[in-house]
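Enquirer: the following block contains a protein sequence and its predicted model.
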Amino acid sequence: MDSIQEFSPQPSRLSKGLGTLGYLTLDTLADLGRMGLFLFFALIGLFKLPFRFGEVLKQLRFIGAGSIAVIVFTSLSTGMVLGLQGYNALNRFGADGMLGTIVALSLIMELGPTLTAIMVAGRAGSAMCAELGIMRISEQIDALDCMAIDPFRYLISPKFLAMVISVPLLTAVFDVVGIFGGYLVGVEMMGANSGAFMAGMAHNVTNADIRMGLVKSLFFGLLVAWICTGRGFFVHVNRGMGFGAESVSRATTQAVVFSSISVLISDYFLTSVLL
Amino acid sequence: MNSDHTAQAAAKGATEAAVRFVDVSKSFGRATRRNRVLQSATFSVPAGKTTVIAGGSGQGKSVTLKLILGLLKPDSGQILVFGHDIARLGFKALRELRMQFGVLFQGGALFDSLSVFENIALPLRERTELSEEEIRHKVESTLEQLGLAGHEDKFPAQLSGGMKKRVGLARALQLEPKLLLFDEPTTGLDPVMTQEIYELFSSTQKRLGYTAMIVSHDVPQIFKLADQIILLNKGELDTFTDAAQIVHSSKEPIREFARTVMGPGFTG
């Protein structure tokens, strides 16, 4: 009996563990494949007619105009901190004339695009994800499919376009307000030279720096739109997400976390390519 | 097909089938925990008639509808809708075929952010070349017919369950479909509203001549509408031409279903 038990076909812990690892790998690959196809169809949807101009304007209002207050507060405080810290550090070496250059370059090349994308992901991306998730679980997206209406052209592509337009514009607002915040603290409060602040900025910030910020913000806009709409669109198929309202709430959290991490990681690679 | 009446029903349906399932199997889950929903299902849905799909919860009724709509793909077998194998159609061909479908989803699947009028006008705006004036006229006349006049500016969240179903039906009828699929059309409705919805089915079908497939728990009342009844039970599928055949089936599980669901005194 012992020998029979020894060779019984009961799976061992090791094989169970390997099986779970295999399923996890396959699920992850399937998810990546789905998201890849999703991006492809969303981009194709931009060129399909009839173009939903009204919906793009509505999304621009929501993502762009609606996020201005958040962006202004974030950028103002970021710029003020940069002004304060920059002045303190530079003053030690008597290099406070470089304050304008440092504030402007940090904001235009790094902080502007990155923080704008993260704030937009938190404010508008989460809402887009939740909206699509609810539409999915209440069969509204299936209904579109059944009415022979392409859900990508109808729902996803306008959000993509609005996001790709809004994020660079919001980044520009972030940069300007941030520089103003840096000037306010560095020059008005700490006493750095106003002329040196402005001249340093004008002399050292080149078109290439501004272009880098623009390319980054365009890329981040696309990234946030892709991840946030994709998590909502596939809320019903992603394993371990629960069902119904729970799945939507988890997908929304995941959308914001994934987009923020992706923005930060891709920022490094983009900088290394563009610099 | 498994029933003693299957051959008869199939012969009736085979004359002109809008939908035909040939040896269709569908299961869900991983290999180790596979839940087999349909097993070698074969049946035909006669064109211009009403077919009711009944069975207990989780027996694959809604899955059958989703297979017909092309929202799910079968593991094996063929699903022919108006002669097209729906699982093998490309995006464009599938979209063109779906132009002939009308679907009433279980919860109505109305677009929350659109008003009643915009919900009903959506397929017309997106899929036809009609002018805004023509669309307004068409939607208003449908609203009138379905007793929804005066509610066009309301949003789905402001409607009762019965009104949502009627708006869903109005939207499904806009493109004058050849095949209408109803997923639990009367769930959660009171008997009066249920009767109203049934009368709407009958009158619109007479007027438009579409093929109807109704998935319903409302047994035996729903059988009154049926030209064909499909019973799903543990992956097996039986076809009947009327409720009386179910009661007198040679299979004990079917008779058991009839006794439990339709009551011991039901004779069809």
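Expert: Arrived safely. Note that the structure is predicted; figures quoted are calculated from it, not measured. Numbering: from 1, shown residues only, chains lettered A, B, ... in the order given.
Enquirer: what parts of chain B come near chain A?
Expert: B:30, B:69, B:71, B:95-96, B:98-99, B:101, B:103, B:105-107, B:109-112, B:122-123, B:126-127, B:171, B:175 (Cβ under 8 Å from any Cβ of the partner chain). C-beta coordinates here come from the backbone N, C-alpha and C atoms, glycine included.
Enquirer: how about the residues of chain A near chain B?
Expert: Residues of chain A found near chain B, taking Cβ under 8 Å from any Cβ as the criterion, are A:23, A:50, A:134-135, A:138-140, A:142-143, A:145-150, A:154.
Enquirer: now the residues of chain B next to chain A: which count as buried?
Expert: Listed as buried from the residues of chain B next to chain A are B:69, B:71, B:95, B:98, B:101, B:103, B:105-107, B:109-111, B:122-123, B:126-127, B:171, B:175; burial here means 16 or more other Cβ atoms under 10 Å in any protein chain shown.
Enquirer: quick one: which of these sit in strands?
Expert: Filtering these for membership in strands, criterion DSSP state E, returns B:F101, B:V103.
Enquirer: mind listing which of the buried ones among the residues of chain B next to chain A are in helices?
Expert: Among these, the residues falling in helices (DSSP state H) are B:L69, B:R95, B:R98, B:L122, B:P123, B:E126, B:R127, B:R171.
Enquirer: longest helix in the chain, please.
Expert: I'll assume chain A. In chain A, with assignment by DSSP H, the single longest helix is helix A:13-45.
Enquirer: let me rephrase: I mean chain B.
Expert: When secondary structure is assigned using DSSP H, the longest helix within chain B turns out to be helix B:191-208.
Enquirer: neighbouring strands - and their directions - for the helix or strand that comes right after it?
Expert: Along the chain past helix B:191-208, the next helix or strand (assigned with DSSP states H and E) turns out to be strand B:211-215. With DSSP bridges as the criterion, the sheet partners recorded for strand B:211-215 are strand B:50-55 (parallel), strand B:179-183 (parallel).
Enquirer: quick one on the thing from earlier: who wins for most neighbours among the residues of chain A next to chain B?
Expert: A:A143 (26 neighbours; other Cβ atoms under 10 Å in any protein chain shown).
Enquirer: in which helix or strand would I find it?
Expert: Remark: A:A143 resides in helix A:140-146, with elements defined by DSSP H and E.
Enquirer: show me what that helix is packed against.
Expert: Using 3 or more Cβ pairs under 8 Å, 6 or more residues apart in numbering or on different chains; DSSP states H and E as the contact definition, the elements that helix A:140-146 packs against are helix A:126-137, helix A:151, helix B:61-69, strand B:101-104.
Enquirer: B:I246: which of the ones you listed is closest?
Expert: Across the helices and strands packed on helix A:140-146, B:I246 has its closest neighbour in helix B:61-69 (15.6 Å, Cβ to Cβ).
Enquirer: so what does the helix or strand following that closest one touch, helix or strand wise?
Expert: On the C-terminal side of helix B:61-69, the nearest following helix or strand under DSSP H and E is strand B:76-81. Counting by 3+ Cβ pairs under 8 Å, 6+ apart, the packing neighbours recorded for strand B:76-81 are strand B:17-28, strand B:35-46, helix B:61-69.
Enquirer: please identify the deepest-packed of the ones you listed.
Expert: Ranked by average neighbour count under the criterion mean count of other Cβ atoms under 10 Å in any protein chain shown, those are headed by helix B:61-69 at a mean of 22.
Enquirer: next, the angle from that helix to strand B:211-215.
Expert: Angle between the axes of helix B:61-69 and strand B:211-215 is 150 degrees (criterion: axes from the mean of the first three to the mean of the last three Cα atoms, to 10 degrees).
Enquirer: send the alpha carbons of helix B:61-69 over as PDB?
Expert: Coordinates of each C-alpha in helix B:61-69 appear next as PDB, following Å, rounded to 0.1, in the frame of the first residue of the first chain:
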ATOM      1  CA  LYS B  61     -29.200  30.600 -21.600                       C
ATOM      2  CA  SER B  62     -27.500  33.900 -21.700                       C
ATOM      3  CA  VAL B  63     -24.300  32.300 -23.000                       C
ATOM      4  CA  THR B  64     -26.400  30.900 -25.900                       C
ATOM      5  CA  LEU B  65     -27.500  34.500 -26.800                       C
ATOM      6  CA  LYS B  66     -23.900  35.800 -26.500                       C
ATOM      7  CA  LEU B  67     -22.700  33.100 -28.800                       C
ATOM      8  CA  ILE B  68     -25.400  34.200 -31.400                       C
ATOM      9  CA  LEU B  69     -24.300  37.800 -31.000                       C
END
